[in-house]
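# Quick one: sequence and predicted model below, then my questions.
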Amino acid sequence: MSENNLRDVESPCVASAAIESSLGTVGLTVPEVDFESAEPLVGEAPVIEAEGTHSTVTLNSQTGDSSGETSFLDLALSQAVQQAVQKSGYDRPTPIQAEIIPHMLAGRDLLAQSHTGTGKTAAFALPILSQLKTVGKKPKVLVLTPTRELAIQVARSFTTYAACLPEFAVTVIYGGQDYEVQFKQLRRGAHVVVGTPGRVIDHIKRRTLDLSQLECLVLDEADEMLNMGFLEDVQFVLEKTPPERQIALFSATLPTPIRNIAQQYLNNPAKITIKKKTMTVDSIRQRALFVTPREKIGVLKRILEVEESDGVIVFTKTRETTVSVAEKLHREGLSAMALNGDMPQRVRERTIEQLRSGKLNILVATDVAARGLDVTRITHVFNFDLPHDSKSYIHRVGRTGRAGRKGEAIIFLTKSQRGKLRVIEKATRQPIEVVQPPTADDINAIRTRQFHSQITDMLARHDLTLFKKLITEYAETSGKPMVMIAAALAQMGQRGRKFFMEDRPNPKKPDHNKHYQEEPRHDRFERESPGGFSNHPRRGRKSESRLLGPPEPGMMRCRIEVGRKDGVRPGSIVGAVANEAGIAGEYIGPIKIHDSFSTIDLPEEMPTDVYETLQQTKVAGKHLRLSRPGEARNRPGDSHSKGPRSDRPSGKRSPGSKGQGKKTYAGKRATRRKSTRAEKRKK
């Protein structure tokens, strides 16, 4: 087929009603054609090895194209598929597409080792659609995927590539969706079925999915299906397919079980492998920041404010963290939503569609929920939590820099995780730049430029005649200068929010002229210093007798129910607060130890969950029972060591209780101690 013949086609491609009805019931829309990536996964020189009739093909190190400059017009795709390709604006296939499509068109079985982002969906979808006959209701093609998200994505790709095929129908089936919806779609008929192994098996056993006329089976991301425990399910499906069907197996890795499946079920397959020097896209800038857990949200907000971004994915380890992070970002006025396995499937689909369409800018997700997610507008990926392994990191990073675009990948680490950074660098074979968070000066410079830009835009695009008149009248009657009026209006626009950001004060060095230590550190308690605290048994009382100054701005003085009698040390209190509550040492203020209790200065804006954690934290075998200033507690031993200990109930009765009930156990012990002391004084 010549290029001129393609250009002579004037009628636009219109998706049939069957396509829309097939996917409309599950909330899918028909997007623009997207071949996953216009370039190969890496910028370094990959090599494609094809066993059988094809020799090794070496690719250009810059563009990733083969030396033959293959175009889609050189491939024997059907005219309808060529129209979709031409309409998309692409003229050259990715390396894996150029190598796989001829084998698929020839009807050969295929074993392809390729990573996500290489364009493999189009590599098998285009030749399948080119040979598909849209007659009958029984499925001709079955695609197995490990996750629901990937199944929906593949089904959407088939719909897009088949936009010019008359009466084409595709159905996606997966767990979590109502069976009745899937029954109706399968009864209506589908030429291509895309689904997860578990739900596909359910339909096979219910006899609602008939594979007797199946012509092609695709196993997408087979190694992931193996990792998720679907090996036996995949083998069950393979046994239910006709012996003459074509099989295409795609996997990022080829462990022994995958090789065994290929050896048992594939017939003389073409084996294709992409070799590369790096595991991540060269167009992705990778950075690392060392921050404490409590600083992550603040640093994330700063980066989002400083850098230009479109779509953003923030990866966390747990489902609970996705919700908490999304809520915190939403409270800051950012468009953020969570995506995790606890959410209903319809909500997950709607959330992903909002991200794809631009209605949602920030997605906070777990690795499983975002598996196979392909949204080209993603510019930034944040590893809010350390991924489980290097493979998870590579998958996370692969969500950006797609379709030839540039991307940003940022990982948050604590100082104790420095070794993990080297492991990731070794796995990706690329260095990761360690950078510092944006400063308040950086943020304020951005805000100033945006403020100026907003003024310029307002003056250029809007009719301000009415407000000019009102302000002129006010200036004449009040005598206020115009600059002051403008400043007042700007302040009104802030609605009580600060315009400039302030950096947290840097830790200060000890001021020996003050009666308290301003910069608490873990090791400061291990030595004596003028004006500081000491836990030395012979000198402690002298330093403790000095009065503490008031808490610093932003700090509050809290009480904890452990003291000198419990053998507690300031260092152990700092360690417990830092480790259990995640509060960095620089935000833990002065500690003063009394006989039966102690005081500690902590940030005023301490979250409720941190407060509750500290109440249950143990030091020296006792709960801290932290309390904020002003909280009412019955502590008879607050001021001195005399009387019963503060963690025991007092023996005093309440007013009006004379003659009612018995003395408490603690009260009896206190009475006995007083009697003993009286007898000693008499002697």
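Yes, it's here.
# Tell me where the stretch 51-200 of the chain is predicted with low confidence.
Applying pLDDT under 70 to the stretch 51-200 of the chain picks out residues 51-69, 89, 115-118.
# Going by residue numbers, what spans are strands in it?
With DSSP state E, counting those that start in this stretch as the criterion, the stretch 51-200 of the chain has strands at 57-58, 110-113, 141-144, 170-173, 192-195.
# mind listing what's buried in the host helix or strand of residue 418?
For residue 418, the enclosing helix or strand under DSSP states H and E is helix 418-428. Neighbour counts using 16 or more other Cβ atoms under 10 Å place 420, 421, 424, 428 of helix 418-428 among the buried residues. C-beta: built from backbone N, CA, C; applies to glycine.
# Put together CSV for those residues, with pLDDT and distance to residue 95 on each row.
Formatted as CSV, the buried residues of helix 418-428 follow (pLDDT from 0 to 100; distance: Cβ to Cβ, whole Å):
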residue, pLDDT, distance to residue 95
420, 90, 32
421, 90, 31
424, 90, 26
428, 83, 20
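# Could I get the full set of strands for the stretch 201-350 of the chain?
216-219, 246-251, 270-275, 284-290, 311-315, 336-339.
# I figured residue 588 hits residue 577, correct?
Yes. The pair residue 588 and residue 577 qualifies as a contact (Cβ atoms under 8 Å) at a distance of 5.8 Å.
# more crowded one of the two?
Shown here are residue 588 and residue 577; by other Cβ atoms under 10 Å, residue 577 has more neighbours (27 against 22).
# show me what contacts the more buried one?
Applying Cβ atoms under 8 Å, 6 or more residues apart in numbering, we find residue 577 in contact with 583, 588, 600, 602, 614, 617.
# quick one: which of the residues you listed is nearest residue 296?
residue 583 (13.5 Å; Cβ to Cβ).
# Now the closest residue to that closest one other than its chain neighbours: which helix or strand?
Spatial nearest neighbour of residue 583, chain neighbours left out: residue 577 (5.5 Å); criterion: Cβ to Cβ, 6 or more residues apart in numbering. Using DSSP H and E, residue 577 maps to helix 570-581.
# Residue 594 is in contact with residue 561, isn't it?
No. Counting by Cβ under 8 Å, residue 594 sits too far from residue 561 to count as a contact (10.6 Å).
# now the helices: where do they sit in the stretch 401-550 of the chain?
Using DSSP state H, counting those that start in this stretch, the helices assigned to the stretch 401-550 of the chain run over residues 418-428, 440-461, 465-478, 482-494, 540-544.
# Distance to residue 227 for the ones you listed - can I get that in TSV?
TSV is the format used below for the helices of the stretch 401-550 of the chain (distance: least, Cβ to Cβ, whole Å):
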stretch	distance to residue 227
helix 418-428	17
helix 440-461	41
helix 465-478	62
helix 482-494	51
helix 540-544	57
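# So for residue 101, which of those sits nearest?
Going by Cβ to Cβ, the one of the helices of the stretch 401-550 of the chain nearest residue 101 is helix 418-428, 29.1 Å.
# Which SSE is immediately downstream of the helix or strand hosting residue 602?
Secondary-structure assignment from DSSP H and E places residue 602 in strand 598-603. Elements were assigned by DSSP H and E; along the chain past strand 598-603, the next helix or strand is helix 608-616.
# So which other helices or strands are in contact with that following helix?
Packing partners of helix 608-616 (3 or more Cβ pairs under 8 Å, 6 or more residues apart in numbering; DSSP states H and E): helix 570-581.
# Could you figure out how far the helix it packs on is turned away from helix 608-616?
Between helix 570-581 and helix 608-616, the angle comes out at 140 degrees (axes from the mean of the first three to the mean of the last three Cα atoms, to 10 degrees).
# Report the distance from helix 570-581 to the chain centre.
With Cα atoms, centre = their mean, to the nearest Å as the basis, helix 570-581 stands 29 Å off its chain's centre.
# chain center to the following helix or strand past it, what's the gap?
Using DSSP H and E, the next helix or strand after helix 570-581 towards the C-terminus is strand 591-593. Counting by Cα atoms, centre = their mean, strand 591-593 is centred 40 Å from the centre of its parent chain.
# Break this protein down into its domains, please.
3-275, 284-438, 441-494, 522-623 (automatic domain parsing).
# so for the shortest one, what's the average pLDDT?
With pLDDT averaged residue by residue, domain 441-494 scores 90.
# Quick check: end-to-end length of it?
By Cα to Cα, to the nearest Å, the extent of domain 441-494 from end to end equals 19 Å.
# Ok, stretch 599-607 next?
Terminal-residue distance, stretch 599-607 (Cα to Cα): 19 Å.
# cool, stretch 90-100 as well?
Stretch 90-100 end-to-end distance (Cα to Cα) = 17 Å.
# now, among the buried residues of helix 418-428, which is nearest to residue 106?
Taking the buried residues of helix 418-428 together and measuring to residue 106 by Cβ to Cβ, the closest member is residue 428, at 35.5 Å.
# hang on, the earlier thing: show me which positions of the helix holding residue 577 end up buried.
So for helix 570-581, counting by 16+ other Cβ under 10 Å, buried means 570, 571, 573, 574, 576, 577, 578, 580, 581.
# what's the answer for stretch 215-233, then?
215-226, 228, 230-231, 233.
# helices and strands around the strand holding residue 602, which ones?
Applying 3+ Cβ pairs under 8 Å, 6+ apart, one finds that strand 598-603 contacts strand 555-560, helix 570-581, strand 591-593.
# Where among these is average confidence lowest?
helix 570-581 (a mean of 79).
# between that one and strand 598-603, how big is the angle?
Angle of helix 570-581 versus strand 598-603, following the same axes, to 10 degrees, is 40 degrees.
# by how many degrees do helix 570-581 and strand 555-560 diverge?
Using the same axes, to 10 degrees: helix 570-581 against strand 555-560 is 100 degrees.
# What's the local residue count around the closest residue to residue 121 other than its chain neighbours?
Using Cβ to Cβ, 6+ apart and skipping the chain neighbours, the partner closest in space to residue 121 is residue 157 (4.9 Å). As a burial measure, residue 157 scores 24 neighbours (other Cβ under 10 Å).
# how close does residue 157 get to residue 113?
21 Å (Cβ to Cβ, to the nearest Å).
# which residues does the closest residue to residue 197 other than its chain neighbours contact?
Distance criterion Cβ to Cβ, 6+ apart; nearest residue to residue 197, sequence neighbours excluded, is residue 233 at 3.7 Å. Residue 233 makes contact with 197, 198, 200, 201, 225, according to Cβ under 8 Å, 6+ apart.
# next one: residue 451
Here residue 451 is in contact with 490, 499 (criterion: Cβ under 8 Å, 6+ apart).
# likewise residue 444?
Contacts of residue 444 (Cβ under 8 Å, 6+ apart): 500, 501.
# Let me see the contact set for the residue nearest to residue 325 when sequence neighbours are not counted.
Distance criterion Cβ to Cβ, 6+ apart; nearest residue to residue 325, sequence neighbours excluded, is residue 364 at 4.8 Å. By Cβ under 8 Å, 6+ apart, the contact list for residue 364 reads 313-314, 316, 321-323, 325-326, 329, 336-339, 384.
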